[in-house]
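Novice: Compute the structure for the input listed below.
(2 chains)
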Amino acid sequence: MSAYRRAMPSTWWLRNRAYFLFMVRELTSVPIAVYLILLLLMVRKLAAGQEAYEAYLRFLATPGMVAFHLLALAAALFHAATWINITPKVLVVRVGEHRVPPALVAGVNYAAWIVVSLLIAWIVMRG
Amino acid sequence: MPQPTITLNIFRYRPEQDQEPGFQTYEVPYRRDWVVLDAINYIKDTLDGSLSYRWSCRMGICGSCGMMINGVPKLSCATFLKEYYPAPVRVEPLANFPVERDLVIVLDDFMQKLTSIKPWIIPKEAKLLSAGEYRQTPAELARYKQFSMCINCMLCYAACPVYGLEPRFLGPAAIALAQRYNLDSRDQGRSQRQEVLATEEGIWDCTLVGECTTVCPAHVDPAGAIQQAKLATALDWVKGVLMPWGKR
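Specialist: Predicted coordinates for the structure are as follows:
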């Protein structure tokens, strides 16, 4: 007599919503990685001279590239938001016997995210 | 009016006669105040005495009656038939564990993992009994109390795809219990537990799917415990780099 072992199907992540969203979160790394490669290529084109750089900018303005960048933005936003939603689990702040409400911990992170984003947007837009 | 009934599809595996497990269908009386465990007890008592399963307290304290109910790990004593009626209910043994027989799983791996994290208070120096009790303030109690509520029902292991794919993973309940003792002001055994915890198959195998916390009937939040252990371990590393002469 031996114990029966059930194999885990490769489609386990389709079994429920939480598993699926976890997999989506893991997969956001793919468009973000491709975006970073495109960004590094831009630096290379910039070093190659004005003509190469402008040709690259025209390539980035094609509809396919615009669509990809929107996808990468959505992936980055989803990843960042789920990351911040996790912070209260990791950062447990206690005042005496009481725990600072998780929503407040996440809220401070969201506020910091918005402030830093606005600061970067201001630096970029200024020039 | 005839008594309404509900259908239970129950996973059966009798190693002395079955090569492969299968499902057996039972028709049991439907009552609004019955939980799934009541229906299974009815089967055992009146329809089929050969059905095997674990249960004890039937009030969510003993942690024995965890089963997959329609694919979700739940305590069968706390899951009402009315949540599913009139649809049939599928009952299987907890996922990710080998099956001993019918709904009974082999829990040796869990037991071994649970003891590996030394789930008891390890003081730096043991006091004599005459020196009195180890005292603790309500604030010190509050730091670990949530993680001490675990009933060892193993629903979190059944919900964890990492444990399903990598059975070496220490797992949610064992790590939460380690964290419970690490956060206890009377305990100084953290460095001993780190040997098991701060490893690939300890906390670092966790990819934070978070379902362990969702299914936990005792609101322990094992996912939170694991991430807090990761943060503390990462801080150990930072301290070790910044102050290599310091004692860990």
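
Novice: show me what contacts the closest residue to A:P102 other than its chain neighbours?
Specialist: Once flanking residues are discounted, A:P102 sits nearest to A:P88: 3.3 Å by C-beta to C-beta, 6 or more residues apart in numbering or on different chains. In short, each C-beta sits where N, CA and C put it, glycine included. Shown in contact with A:P88 (C-beta atoms under 8 Å, 6 or more residues apart in numbering or on different chains): A:102-103, A:105-106.

Novice: Now flag whichever of these is closest to A:R58.
Specialist: Proximity of those to A:R58, judged by C-beta to C-beta, is greatest for A:A106, which lies at 41.2 Å.

Novice: and that closest one, what element?
Specialist: helix A:102-126 (DSSP states H and E).

Novice: just checking, what packs against that helix?
Specialist: helix A:63-90 (3 or more C-beta pairs under 8 Å, 6 or more residues apart in numbering or on different chains; DSSP states H and E).

Novice: Of the contacts of A:P88, which is the nearest to chain B?
Specialist: The closest of the contacts of A:P88 to chain B turns out to be A:P102 (C-beta to the nearest C-beta; 9.4 Å).

Novice: how many neighbours does the closest one have?
Specialist: A count of neighbours around A:P102, defined by other C-beta atoms under 10 Å in any protein chain shown, yields 16.

Novice: Distance of it relative to A:N85?
Specialist: 9 Å (C-beta to C-beta, to the nearest Å).

Novice: B:M1 now?
Specialist: Taken as C-beta to C-beta, the span from B:M1 to A:N85 is 50 Å.

Novice: try A:Q50
Specialist: From A:Q50 over to A:N85 (counting by C-beta to C-beta), the distance is 44 Å.

Novice: what about the two, which has more around it?
Specialist: The neighbour count for A:Q50 versus A:N85, taken as other C-beta under 10 Å, is higher for A:N85 (14 against 9).

Novice: and that one, what is it in contact with?
Specialist: So A:N85 contacts A:A106 (C-beta under 8 Å, 6+ apart).

Novice: Ok, A:R99 next?
Specialist: Taking C-beta under 8 Å, 6+ apart, we find A:R99 in contact with A:92-93, B:142.

Novice: from those, which is closest to A:Y110?
Specialist: For those, the nearest to A:Y110 is A:V93 (15.8 Å; C-beta to C-beta).

Novice: How about the closest one: what's its closest non-neighbour residue?
Specialist: A:V100 is the one closest to A:V93 (C-beta to C-beta, 6+ apart), at 4.0 Å.
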